[in-house]
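# Test case, fold it:
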Amino acid sequence: MISLIEPANSWRVDMTASHKPLRQTARHFLDLDQFDTGILRRVLDLGHACRRGEDVGGTRQPLAGCTLALLFEKPSTRTRVSFEVGMRQLGGDVVVLDRDAIQLSRGETLADTARVLSRYVDAIMLRAGPATHLHEMAHYASVPVINGLTHDSHPCQVMADLLTFEHHRGSLAGGVVAWCGDGNNVAASWIQAAPHFGFRMRLACPEVLRPREEVVAWARLHGADITVTTDPREAVRGADCVVTDTWSSMGLENESRPELLRPYQVNAGLMALAHPQALFMHCLPAHRGEEVTDEVIDGPQSVVWDEAENRLHVQKGILVWCLRRAS
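Got it, this is the predicted structure:
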């Protein structure tokens, strides 16, 4: 059994983060640069406990009587199913809202939507496009808001990836994570995780698809060793974990991307440069034959299906952390 008791005030947002301060009426889970390392460690430990099937807070259903709203601006498979199943396993209920089916599609503001939903539910998960939508929702909501994805970040995915690595190999501290491809939202959350978990990050990206400079600068300011290169071989050589993502994110498709990103495909030759025990990760959905070959994603170093499962476990940890401050 894992206890939920934490030191007083341990949840406060780190004001050195790259976002504006939020109204602290609720315990949000927005971006990894907003947390003390101890909190993220706590969430991962809760995720590990959920994965092992342990009680959290002395009960199998610590969120009985709570309701989670899932609000989607973008389509979803893993995010929707993992949050819905996870909340129900914790004893709670779920309301699924599509942006096109509610008053947001007819001009109601996010601020008003946040205020109204806060009167009905105990937490809101938002899968958004622009990050400004997420931060506006969090600013006006009086219940916890969880980042299910934005164009800028995907913290739930990276927390699941960290849980996956720890489950297979133990601590990532002192190790090397190699990213190949577009320096996108998932890459940004990996960069934000680096100073918290003590790993080195090497990103191989085309010059025009580098990660946002302010994200890299924040991580370096907080002690992370971040390398950005255009050479995938340089990034992958000796790495403990090799990560990639689709070349065409939803809503950000660009016909020139496949040709631009082809040199960054993760194939057997590239994986051979990594540490012999390196793991391969992909947040899915994968476009086989583009960013990754069948040989790699179906190979012995791939843990992509464990990653997908661990979205469920780590998000259960996030939900418990957001909604149960003590037990």
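# other SSEs contacting the lengthiest helix in the chain?
Longest helix in the chain by number of residues (criterion: DSSP state H): helix 304-323. Of the remaining helices and strands, those touching helix 304-323 by 3 or more Cβ pairs under 8 Å, 6 or more residues apart in numbering; DSSP states H and E are helix 37-51, helix 78-89, strand 123-127, strand 145-149, helix 155-169, strand 279-282. (Each C-beta comes from the backbone N, C-alpha and C, glycine too.)
# could you give the angle of that helix to helix 155-169?
Between the axes of helix 304-323 and helix 155-169, defined by axes from the mean of the first three to the mean of the last three Cα atoms, to 10 degrees, the angle is 120 degrees.
# orientation of helix 304-323 relative to strand 145-149 in degrees?
160 degrees.
# Next, the buried residues of stretch 143-150.
Applying a neighbour-count criterion of 16 or more other Cβ atoms under 10 Å, one finds 143-150 buried in stretch 143-150.
# pLDDT on that stretch, on average?
Mean pLDDT, stretch 143-150: 98.
# what about the spatially closest residue to Arg41 that is not a sequence neighbour, is that helix, strand or coil?
Of all residues not flanking Arg41 in the chain, His196 sits nearest, at 7.9 Å (Cβ to Cβ, 6 or more residues apart in numbering). The three-state assignment at His196 reads helix, by DSSP: H, G, I helix; E, B strand; the rest coil.
# doesn't Ile39 make contact with His196?
No: here His196 lies out of contact with Ile39, judged by Cβ atoms under 8 Å, at a distance of 9.2 Å.
# residues in contact with the residue nearest to Asn267 when sequence neighbours are not counted?
Excluding the flanking residues, the one nearest Asn267 by Cβ to Cβ, 6+ apart is Thr293, at 4.6 Å. Listed by Cβ atoms under 8 Å, 6 or more residues apart in numbering, the contact partners of Thr293 are 265-268.
# likewise Val95?
Val95 touches 67-70, 120-121, counting by Cβ under 8 Å, 6+ apart.
# Let me see the domain layout of this protein.
Domains of the chain are assigned by automatic domain parsing as 32-154+309-323, 157-308.
# And the last one, end to end?
What that stands for is domain 157-308. With Cα to Cα, to the nearest Å as the measure, the ends of domain 157-308 fall 9 Å from one another.
# going forward, begin numbering at 20 instead of 1
Okay, residue one is now 20; in that scheme the one you just asked about reads as domain 176-327.
# in the stretch 220-346 of the chain, which spans are strands?
245-248, 260-263, 298-301 (DSSP state E, counting those that start in this stretch).
# what pairs with the second one, and is each one parallel or antiparallel?
For strand 260-263, the paired strands and their directions (DSSP bridges) read strand 195-199 (parallel), strand 298-301 (parallel).
# For stretch 244-254, buried residues please.
245, 247, 251, 254.
# first to last residue in it, what's the distance?
The first residue of stretch 244-254 is 13 Å away from its last residue (Cα to Cα).
# what's the answer for stretch 277-292, then?
End-to-end distance of stretch 277-292 (Cα to Cα): 23 Å.
# same question for it, mean pLDDT?
If you average the pLDDT values across stretch 277-292, you get 97.
# Off-centre distance for it?
Centroid separation for stretch 277-292 versus its chain: 23 Å, with Cα atoms, centre = their mean, to the nearest Å.
# what does that stretch rub up against?
With contacts defined as Cβ under 8 Å, 6+ apart, stretch 277-292 is touched by 199-201, 223-225, 227-228, 251-252, 255-258, 261, 263, 266-267, 297, 299, 309-312, 314-315, 318, 320.
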